[in-house]
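# what shape does this take:
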Amino acid sequence: MTTGDDSPADAPIHPSNPIDLSKNRPPAPAPERAGPAWIVIPARVLALIVLVPLRLVHDLVVVTARAVRAVWNGVLRAPGWLARLIGRMLRGLGLALYRRLLAPLGRLLGLLVVRPLRWLAVVVILGLLRWFGRGTGRLARWIHLWLIAPVGRFLALVGRGLAWVLGLLLLTPLKALGRGLLWLLSLLGQGFALLVKGIGLLIGVLVILPVVLLWRYVLRPPLAALAWLGRGIWRGLAWLGRGTRSVLGALGGLLAAGWRALAAALVWSWRLVGRCLAWLVRVLIVLPARTVWRYLLAPVVAGFVGTWRLAARVLRWLWRTLVVVPARVLIVAPARWVRASVFRPIGRGVRETWRAGVREPVRAARRTMREAGRDVRLQLRRTFRGH
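This next block holds a predicted model:
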């Protein structure tokens, strides 16, 4: 049986043509040349020595960073997840407590306490005070119109009559008597002035004029001579004093020059001794102390300060990590939530209850009493002033 084409499989098998079952591989392609050997070999050596270790180090760093990030994310997410879970639980508990207990309790309290107290304060107490204030105002008006005003007018008329009688019986005679006394006192004053002038004239003629004449013609000439003699003696003494002062001044100048020379010598000696002592102190004390401080004490102090700062930073980090952050998460946040979700609604309810049940009725009562007192004071003022 043939396949219909002239293939070698259709040819008859002869003993002279044995069958070859071995596979003949195709010839391998010739390798492409990468470049000259003096460039390729150094490049491969450089890649093997430098790039391969760097790549291995890079892969190791990447793997380590991924592991650290995974661990760090797990460490950070666990407290966050726990805090969110606790926050949701507390929030659900607070909402349930507010919706199921506090809100119905507040509504019941408002229905049973606040509204009856408001009705009692507004209708009973405020109405009673308003009725009392209106009755008191009307009573005060009636007393003013029919009792206090007529009595005040009568007293004013009596006062005017008494004033006219007193003015006629007392003020007019007293005015006349005062005018007479004033005229008499003026006459006495004029006579006393004339008497004083006469006495002054007599004293001037009998005493002052003789004293002036005695001074001018008897006492003054000898006193002037004595004064001229005293001035001459004083001038002589002054000339003698100036000479003595000149001699003493020269002696003082010599003494001052000697003292200045001695003081300059002493100052120069003191300065020289001071400089020597300062140089000795600097060489024997200051330089050794500075050297000990710079090369022995300063490094020790710097190391101690650095160690203290490092320990302080570590302790501060541990404090923040182990105390502050857990306290904020476990204490501060729940406390804030309790304050915002529990205490504030309770405080607002108590405040509204106090305002509606006590403060507003008390204010209304005080306002009514104040208006009534103002009306009474106005009526009394009108009564006593007469208008």
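# quick one: low-confidence parts of the stretch 51-200 of the chain?
Within the stretch 51-200 of the chain, the segments meeting pLDDT under 70 span 52, 74-76, 78-80, 82.
# those helices in it, which residues are they?
52-97, 103-109, 115-119, 126-143, 149-166, 172-203 (DSSP state H, counting those that start in this stretch).
# of those helices, which is nearest residue 327?
Closest to residue 327 of the helices of the stretch 51-200 of the chain is helix 52-97 (C-beta to C-beta; 12.5 Å). Every C-beta, even on glycine, is put in place using the N, C-alpha and C of the backbone.
# that closest one: how far from the chain's middle?
Distance of helix 52-97 from the chain centroid (C-alpha atoms, centre = their mean, to the nearest Å) equals 44 Å.
# also stretch 259-278?
The chain centre lies 58 Å from the centre of stretch 259-278; the measure is C-alpha atoms, centre = their mean.
# could we number from 57 for the rest of this?
That works, and once the first residue is 57, the last one we named lands at stretch 315-334.
# so can I have JSON lines of the helices of the stretch 107-256 of the chain showing mean neighbour count and distance to residue 332?
Conversion of these to JSON lines gives the following (neighbours: other C-beta atoms under 10 Å; distance: least, C-beta to C-beta, whole Å):
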{"stretch": "helix 108-153", "mean neighbour count": "11", "distance to residue 332": "69"}
{"stretch": "helix 159-165", "mean neighbour count": "13", "distance to residue 332": "95"}
{"stretch": "helix 171-175", "mean neighbour count": "13", "distance to residue 332": "100"}
{"stretch": "helix 182-199", "mean neighbour count": "14", "distance to residue 332": "103"}
{"stretch": "helix 205-222", "mean neighbour count": "11", "distance to residue 332": "109"}
{"stretch": "helix 228-259", "mean neighbour count": "10", "distance to residue 332": "90"}
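# how about JSON lines for those, with distance to residue 363 added?
What follows is the helices of the stretch 107-256 of the chain, written out as JSON lines (distance: least, C-beta to C-beta, whole Å):
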{"stretch": "helix 108-153", "distance to residue 363": "28"}
{"stretch": "helix 159-165", "distance to residue 363": "60"}
{"stretch": "helix 171-175", "distance to residue 363": "70"}
{"stretch": "helix 182-199", "distance to residue 363": "77"}
{"stretch": "helix 205-222", "distance to residue 363": "97"}
{"stretch": "helix 228-259", "distance to residue 363": "106"}
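# these: which one's closest to residue 347?
By C-beta to C-beta (comparing all of the helices of the stretch 107-256 of the chain), the closest turns out to be helix 108-153, at 47.4 Å.
# count the residues that sit near residue 389.
By other C-beta atoms under 10 Å, 15 other residues sit near residue 389.
# helix, strand or coil for the residue nearest to residue 162 when sequence neighbours are not counted?
Leaving out its chain neighbours, the residue that sits closest to residue 162 by C-beta to C-beta, 6 or more residues apart in numbering is residue 405, at 5.0 Å. Look at residue 405: counting by DSSP: H, G, I helix; E, B strand; the rest coil, its state is helix.
# and for residue 405, the neighbour number?
By other C-beta under 10 Å, 17 other residues sit near residue 405.
# which residues touch it?
The contact partners of residue 405, by C-beta atoms under 8 Å, 6 or more residues apart in numbering, come to 158, 162, 165.
# the last one and residue 413: what is the separation?
Shown here: residue 165 relative to residue 413, a distance of 10 Å by C-beta to C-beta, to the nearest Å.
# then the first one?
When C-beta to C-beta is applied, the distance between residue 158 and residue 413 equals 19 Å.
# same thing with residue 261?
Distance of residue 261 to residue 413, computed by C-beta to C-beta: 105 Å.
# so the two - more neighbours on which side?
For residue 261 and residue 413, the more surrounded residue by other C-beta under 10 Å is residue 413, and the numbers stand at 18 against 10.
# pLDDT score for that one?
If you check residue 413, the pLDDT there is 74.
# please report phi then psi for it.
Backbone torsions for residue 413, taken as degrees, to the nearest 10, come to phi -90, psi -30.
# run a quick check on it versus residue 172, I expect a contact.
No: in this structure, residue 413 is not within contact of residue 172 by C-beta atoms under 8 Å, at 9.1 Å.
# roughly how far out does the longest helix seen in the chain sit from the chain middle?
Longest helix of the chain, by residue count under DSSP state H: helix 276-337. Averaging C-alpha positions (C-alpha atoms, centre = their mean) puts helix 276-337 65 Å from its chain's average.
# for stretch 332-351, measure first residue to last.
End-to-end distance for stretch 332-351: 27 Å, by C-alpha to C-alpha, to the nearest Å.
# mind listing what's buried in it?
Counting neighbours by 16 or more other C-beta atoms under 10 Å, one finds that stretch 332-351 has no buried residues.
# what sits against the residue nearest to residue 192 when sequence neighbours are not counted?
Closest residue to residue 192 apart from its sequence neighbours, by C-beta to C-beta, 6+ apart: residue 428 at 5.3 Å. Applying C-beta under 8 Å, 6+ apart, we find residue 428 in contact with 188-189, 192-193.
# can you redo the contacts of residue 405 as CSV with distance to residue 335?
Conversion of the contacts of residue 405 to CSV gives the following (distance: C-beta to C-beta, whole Å):
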residue, distance to residue 335
158, 89
162, 92
165, 94
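# from those, pick the one nearest residue 326.
Residue 326 lies nearest to residue 158 out of those, by C-beta to C-beta, at 92.3 Å.
# and that closest one, how many neighbours?
Residues near residue 158, counting by other C-beta under 10 Å, number 16.
# distance of it from residue 148?
Residue 158 is 15 Å from residue 148, by C-beta to C-beta.
# same question for residue 225.
In this view, residue 225 and residue 148 are 101 Å apart by C-beta to C-beta.
# what's the answer for residue 290, then?
Per C-beta to C-beta, residue 290 is found 119 Å from residue 148.
# again with residue 349
67 Å.
# what does the pLDDT read for the residue nearest to residue 192?
pLDDT, read off for residue 428, is 74.
# one more: the one 4 residues further on?
As predicted, residue 432 sits at a pLDDT of 71.
# count the neighbours of it for me.
Neighbourhood size, residue 432 [other C-beta under 10 Å]: 17.
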